[in-house]
Each structure stands twice: as C-alpha cells, then as structure tokens.
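>>> Need a 3D model of the sequence below.
(one chain, ligands or ions: 2)
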Amino acid sequence: MQSLNQLFWPAVCINCKRSICETDRSLCKSCWDELLSCAGADYCRRCGRDVSKYALLGGACPDCQGKEIHFDQISRSGVYADALSKMILAFKKGRTELDSTLGFLANAALQGSGFYDDIEFFVPVPLHWFRRLTRGYNQAQVLVKKLKYPSAKINTDLVRIRYTKSQPMMATAAARARNVAGAFAVRRGHQFTDRNVCLVDDIKTTGATLNECAKTLKEAGASKVFALVLAVAGQNVS
Ligand SMILES: [Zn+2]
Ligand SMILES: [Zn+2]
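Ligands and ions are numbered 1, 2, ... in the order given. Predicted structure coming up:
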C-alpha cells in the first residue's frame, strides 16, 4: 500500500521538493540538518536569545537584567534563520501543511523547557479578528493543536481587542511595546485565576507582544506565564 502511494503521490520534501521516503517526516536529510542547525545552543530562559550559560546571572542574560519581563520563562525551538525562518514564513503565508514538522520542533522545545509539567493551559497568541479573517487562520492556533500534552487544555480566552500595525514594520523595542499596549484582554468568565499558562507563538522578536499578553494574563490572576515559540528573532535588537 505504501509503495503504491509512493508511485502515485511520490513524497517530496516540503521545503525543497526533492523526493524523499515517506518515513522522513516531510523533509529531506539536508533540510532537516539545516533546520536542526537553527536550534542553536544555550539561550537565556528569560528572553530566549543566544547566550553562553556562563554569562547568566540569576537565570537571566546581561541584556535582561533590570528589564520588566512579565512572562516567567521562555522555551524556543531555535533562532529565526535559514530553513527555520523560511518554513515559519511559508507557514504564515498559507502552507499550513507544515504544521506537523513545526509541531515536531515545538514539542521538542516543550519537552526541554523545564516547565513542561507545570502547564495547565496553552494559550495561542491571538490575532485581531480582521487579520485572522484576511489570513484565514491564526498560525499560533494551528501550532498549538500540534502540541502533545496529556493534561493541559487549549484556552482561547485571551483576545486581541485592538487592531495593531504589523510589528515587523517598526524598529525599536519601545515603539513595539507602545504598539501593543492595551491590545489584549481576557474574556468574561475566563479560568486563568491561579493557573499556570503557556503562551504559544511562532516568532519572538523583541518580546513586546508576548510581554503584553503575559501582563494581561497576570492581571487576570494567572500564577505563572510561560512562553513557547518556534523561533527567536532579532538576536541583536534590544
Ligand atoms: Zn529538502
Ligand atoms: Zn535574556
């Protein structure tokens, strides 16, 4: 049956279209190698940026010292570069069939996060309804459905109440923070009080969006807010 399938619908790498065997998890070996090389090494658990573990002070990198970060910890699949950035961009632009491969990477990050056992709710970072309508889906929500976790539930009671300009258009961290200030709220009757929540998104750049979401969840009574992202971009943006 498998070989018949292979004959009529030969499996190709979802990234470069080279032919592969069906057991290769949708990517050819060279694309897997490129993807895994984006996983990088040590990173700061407060901001997700690359940092040697010897540079950490109280669990945070020099750049995080003294900054107001509302989420407690972050886990990432890799840095926003090469194959990983290409796949995330394609995933956002309609190639939702990449969800299994990206989901595989997100699950790996989740298992290595150190907060795996504490999560009670997974919360996809919400899009404004207008953006969701024009794109057709929220990529964070597609991703969150791929997370393998026995007891935590997906919770969509965090909503975006204000339409904001696309974050990548703006340069500074301060401008990004202003852009999303007050953009989120929780639905009436939410269950975040005294719960540990894990925000899920595709990319973290300066962290302004995740920070604002975490702030909103903490104000709603959440005990701890973690963040899980596929990639951390802007290694040098502060
Ligand atoms: Zn390939
Ligand atoms: Zn840091």
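>>> Could you use CA atoms for every contact and neighbour count after this?
OK.
>>> gap between residue 95 and ligand 2?
32 Å (Cα to the ion, to the nearest Å).
>>> For that residue, which residues are in contact?
By Cα atoms under 8 Å, 6 or more residues apart in numbering, the contact set of residue 95 is empty.
>>> Show the backbone phi and psi for it.
With angles defined as degrees, to the nearest 10, residue 95 sits at phi -80, psi 70.
>>> and what of residue 147?
According to degrees, to the nearest 10, residue 147 has phi -70, psi 130.
>>> What is the burial count for it?
By other Cα atoms under 10 Å, 21 other residues sit near residue 147.
>>> does residue 46 really touch residue 62, like I thought?
No: between residue 46 and residue 62 there is no contact under Cα atoms under 8 Å: 10.7 Å.
>>> Output the below-cut-off pLDDT ranges for the protein.
1-10, 22-24, 40, 167-171, 235-238 (pLDDT under 70).
>>> so where do the helices sit in it?
2-8, 29-37, 82-92, 99-111, 129-135, 139-144, 173-180, 208-219 (DSSP state H).
>>> more crowded one of residue 46 and residue 62?
residue 46 (21 against 12).
>>> Excluding chain neighbours, what is closest to that one?
The shortest distance from residue 46 to any non-neighbouring residue, by Cα to Cα, 6 or more residues apart in numbering, is to residue 73 (5.1 Å).
>>> Spell out which parts of the protein neighbour ligand 2.
Proximity of the chain to ligand 2, by Cα under 5 Å from the ion, involves residues 44, 46, 47, 61, 64.
>>> Next one: the second one from residue 176, what distance?
Think residue 46. Here the distance between residue 46 and residue 176 works out to 18 Å (Cα to Cα, to the nearest Å).
>>> Residue 232: which of the helices of the chain is closest?
helix 82-92 (9.7 Å; Cα to Cα).
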